[in-house]
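>>> What shape does this take:
(chains A, B and C)
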Amino acid sequence: MDEANEPGDLPERVRRTVRRVPPGTVVTYGDIAELVDTGPRQVGRIMATDAADTPWWRVVNASGRLPAGLLDEARKHWLDEQTISDPAASRVDLSAKRATWLLDPPSGGD
DNA sequence: TGCTTGACTTACG
DNA sequence: CCGTAAGCCAAGC
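Next up, the predicted model:
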């Protein structure tokens, strides 16, 4: 069974899934939502209310962006983790940095 | 119990 | 690329 499908509160499953996103890559709210079987709004709500010990900057919206207030903080992490190369960039290139492989995990759990 | 809100997404112009 | 509209689902009031 996938970790994301393990029992527990929704916030817990979301945080666990977000934590498995490696540095230098990102996923979208919708991606996380699919993995924990909920809606993207819920993922956003959880990140906003319970993002403790969670690399929230690795979770962006479908445009590879984050709200204005978070951009400043997120960009520092993106630069540090080489998610972006341009210090002036305001968005992540999903075509290159989205961890699609994480969205389609091998059933190897078994 | 019911309406409003939101770190979202997709569709349309 | 930007604004608007509708769909979505759980929390808060």
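>>> Identify the residues contacting the closest residue to DNA strand C within chain A.
The nearest approach of chain A to DNA strand C comes at A:Gly39, 3.3 Å away (Cβ to the nearest atom of the strand). Backbone N, C-alpha and C define where each C-beta goes, glycine included. Listed by Cβ atoms under 8 Å, 6 or more residues apart in numbering, the contact set of A:Gly39 reads A:Ala33.
>>> tell me the pLDDT at it?
On the pLDDT scale, A:Gly39 is placed at 94.
>>> swap in the one 3 residues further on?
According to the prediction, A:Gln42 has pLDDT 96.
>>> cool, the one 5 residues further on as well?
For A:Met47, the pLDDT comes out at 96.
>>> for it, phi and psi?
phi -60, psi -40 (degrees, to the nearest 10).
>>> And the helices in chain A?
A:10-19, A:29-35, A:40-49, A:68-80, A:94-97, A:100-103 (DSSP state H).
>>> need those helices in CSV with distance to A:Ala88 and mean neighbour count, can you?
Below are these laid out as CSV (distance: least, Cβ to Cβ, whole Å; neighbours: other Cβ atoms under 10 Å):
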stretch, distance to A:Ala88, mean neighbour count
helix A:10-19, 26, 20
helix A:29-35, 24, 20
helix A:40-49, 25, 17
helix A:68-80, 9, 15
helix A:94-97, 17, 14
helix A:100-103, 26, 12
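>>> so which of those gets nearest A:Asn61?
helix A:29-35 (5.9 Å; Cβ to Cβ).
>>> That closest one vs DNA strand C: in contact?
No: using Cβ under 7 Å from any atom of the strand, helix A:29-35 stays clear of DNA strand C, coming no nearer than 8.3 Å.
>>> That helix - contacts with which helices or strands?
helix A:10-19, helix A:40-49, strand A:59-60, helix A:100-103 (3 or more Cβ pairs under 8 Å, 6 or more residues apart in numbering; DSSP states H and E).
>>> Among those, which comes closest to A:Ala33?
helix A:40-49 (4.5 Å).
>>> Pull the distance from the closest one to the chain's centre.
Per Cα atoms, centre = their mean, to the nearest Å, the displacement of helix A:40-49 from the mean C-alpha position of its chain is 11 Å.
>>> With just CA atoms, put that helix into CSV.
As requested, the backbone C-alpha atoms of helix A:40-49 are provided in CSV (Å, rounded to 0.1, in the frame of the first residue of the first chain):
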residue,chain,number,x,y,z
PRO,A,40,-6.7,20.6,-4.3
ARG,A,41,-8.4,23.2,-2.0
GLN,A,42,-7.9,20.9,0.9
VAL,A,43,-4.2,20.5,0.2
GLY,A,44,-3.9,24.3,0.0
ARG,A,45,-5.8,24.7,3.3
ILE,A,46,-3.6,22.2,5.0
MET,A,47,-0.4,23.8,3.8
ALA,A,48,-1.7,27.1,5.0
THR,A,49,-2.8,25.9,8.4
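>>> Done for today, thanks.
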